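In: no FASTA, just this:
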């Protein structure tokens, strides 16, 4: 039985919450998050490397340029015995790379890499990183100075051996170093962002759009409370035959890839679902609802784990009263290359008023297929009730702790007049006195 925290917010608070989300998505936040302490962000995603394919799976890596927007140098040390000033060999960032697809109203993750461990910082200046002036740090290349950038090319970020994501606590930024190793190199895509060619083939994916994402995790960044702005994304196109990825537009900084979905599609709502901890653990939950025929509503959910070490093992949606559920589905992105995690799809359960999906519990299945950091899973179904008749949503947390689950978008005390599914905030904001 999960202990739970309920996000049953007053209507005015809920409206304010969605206003904040909307502003963030449009890139008009008043100020960048994280100005105290070390704060590493992805300044640029300059390009990708296509390493080739084996068995219908293709391997990619994504270049990343970091930027320290904080007021303290960020440690970048991987030297045995440390680099001075109390640093250890684990005081450096790791870099994850992901690939996403938007197709037919569903935004899903189709590839994820192992981790590049940072090993030296070049401390360069670039416009848009802080005030554009790099302050040389005391430890030189063993730190990323305030306002400084450091480029890692896509080929460098795809160089093997890489580190396991399973070794990293994304909430605290703590991980062992040297990394444990043991990653498979049997195929060209091992340890890299592995994508099925069928997910990229234009003939099989008409009208699809694709996005790359980079994310840093670093101990001093996380422990300064700055771990929620460490990802950036960029749209790419897929070349026919070669499957090379070409940049489209610019890098969108300090935003996870899931945050592009409501920018493209105004009917999509996006919510930050936070687990109270120090530092805060964040999930993003996005939803799109359509009404394909009279009396039928189709629901698409995407759940992205930004930095939660506890991960998620359950999603439940409960309606007011008896509900008919059909067309229930699930999609994940598989761990690979000898990561210890299971890849079994989540099963679903239907009761008279609820549909839910679950992975096996942490005890005894510590390596079950939970939604771990930098991963996004999809859930969908049809129901004969509109979103205004949803009572609550529950996200179960995989690893032990308090709370055991987070309840959000609870309609016990409120129902939006537009059913919360149209993307039209005007309709429900006008219900206030």
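Out: That came in fine, so what should we check first? No experiment lies behind these values; they were computed from the predicted model shown.
In: ok, now which ones touch the nearest residue to residue 147 once chain neighbours are set aside?
Out: Distance criterion C-beta to C-beta, 6 or more residues apart in numbering; nearest residue to residue 147, sequence neighbours excluded, is residue 130 at 3.2 Å. Any C-beta I mention is one placed from the backbone N, CA and C, and that applies to glycine too. Counting by C-beta atoms under 8 Å, 6 or more residues apart in numbering, residue 130 touches 67-69, 146-147.
In: Can you pick out the most distant pair from those?
Out: 67 and 146 (10.1 Å; C-beta to C-beta).
In: neighbour-wise, which of these two wins?
Out: residue 67 (27 against 23; other C-beta atoms under 10 Å).
In: can you pull out the strands in the stretch 1-150 of the chain?
Out: Taking DSSP state E, counting those that start in this stretch, the strands of the stretch 1-150 of the chain run over residues 4-6, 40-44, 48-54, 57-62, 64-68, 74-75, 94-103, 106-112, 116-117, 143-144, 149-152.
In: looking at these, which is closest to residue 339?
Out: So among the strands of the stretch 1-150 of the chain, strand 106-112 is nearest, using C-beta to C-beta, at 9.7 Å.
In: still on that earlier bit, of the strands of the stretch 1-150 of the chain, which is nearest residue 87?
Out: strand 74-75 (5.3 Å).
In: got the contact list for that closest one?
Out: Residues outside strand 74-75 that contact it (C-beta under 8 Å, 6+ apart): 38-40, 68, 83, 87, 91-93, 139, 142-144, 218-221.
In: Okay, and which of these map to helices?
Out: With helices taken from DSSP state H, the overlap with those comprises 219-221.
In: Let me have those residues in CSV, extended by neighbour count, pLDDT and distance to residue 76.
Out: Listed next are those as CSV, based on neighbours: other C-beta atoms under 10 Å; pLDDT from 0 to 100; distance: C-beta to C-beta, whole Å:
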residue, neighbour count, pLDDT, distance to residue 76
219, 23, 99, 11
220, 23, 98, 10
221, 28, 98, 11
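In: any idea of the mean pLDDT in stretch 160-171?
Out: Stretch 160-171 carries an average pLDDT of 98.
In: Now do the end-to-end distance for that stretch.
Out: Stretch 160-171 has an end-to-end distance of 25 Å (criterion: C-alpha to C-alpha, to the nearest Å).
In: so where's the protein shaky on pLDDT?
Out: 1-35, 412-433 (pLDDT under 70).
In: And for residue 232, the neighbour number?
Out: Using other C-beta under 10 Å: residue 232 sits among 25 other residues.
In: what does stretch 137-146 rub up against?
Out: By C-beta under 8 Å, 6+ apart, the residues outside stretch 137-146 that reach it are 38, 40, 66, 68, 70-77, 79, 83-85, 87, 120-123, 130, 134-136, 148, 150.
In: got it, and stretch 182-197?
Out: 51-62, 97-99, 110-114, 158, 160-162, 164, 243, 336-338.
In: Give me the buried positions along it.
Out: For stretch 182-197, a neighbour-count test (16 or more other C-beta atoms under 10 Å) marks 183, 187-196 as buried.
In: what residues are up against residue 325?
Out: Taking C-beta under 8 Å, 6+ apart as the criterion, residue 325 is in contact with 350, 355, 381-383.
In: which pair in the residues you listed spans the largest distance?
Out: 350 and 382 (11.7 Å).
In: who's more crowded, the two?
Out: Taking neighbours as other C-beta under 10 Å, residue 350 and residue 382 compare with residue 382 leading, 18 against 14.
In: Neighbours of residue 128, how many?
Out: Neighbours of residue 128 using other C-beta under 10 Å come to 13.
In: Contacts only, for it.
Out: 43, 67, 253.
In: Show me what the closest residue in space to residue 331 that isn't next to it in sequence is bridged to.
Out: In space, and not counting its chain neighbours, residue 331 is closest to residue 378: 4.1 Å by C-beta to C-beta, 6+ apart. Note on residue 378: beta-bridge partners by DSSP bridges are residue 302, residue 331.
In: distance of residue 126 from residue 358?
Out: From residue 126 over to residue 358 the distance is 45 Å, taken as C-beta to C-beta, to the nearest Å.
In: Those two - which one has more neighbours?
Out: Counted by other C-beta under 10 Å, residue 126 and residue 358 do not tie: residue 126 has more neighbours, with 18 against 15.
In: With adjacent residues omitted, what lies nearest to the more buried one?
Out: residue 149 (4.6 Å).
In: ok, now which ones touch that neighbour?
Out: Per C-beta under 8 Å, 6+ apart, neighbours of residue 149: 43-44, 65-67, 122-126, 129, 134.
In: which residues touch the residue nearest to residue 331?
Out: 106-108, 300-303, 329-332.
In: Going by residue numbers, what spans are strands in the stretch 301-433 of the chain?
Out: Along the stretch 301-433 of the chain, counting by DSSP E, counting those that start in this stretch, strands occupy 312-319, 325-331, 347-350, 354-358, 376-383, 390-397, 405-408.
In: Reformat those as TSV; add distance to residue 292.
Out: Shown next, in TSV, are the strands of the stretch 301-433 of the chain (distance: least, C-beta to C-beta, whole Å):
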stretch	distance to residue 292
strand 312-319	18
strand 325-331	10
strand 347-350	20
strand 354-358	17
strand 376-383	8
strand 390-397	18
strand 405-408	26
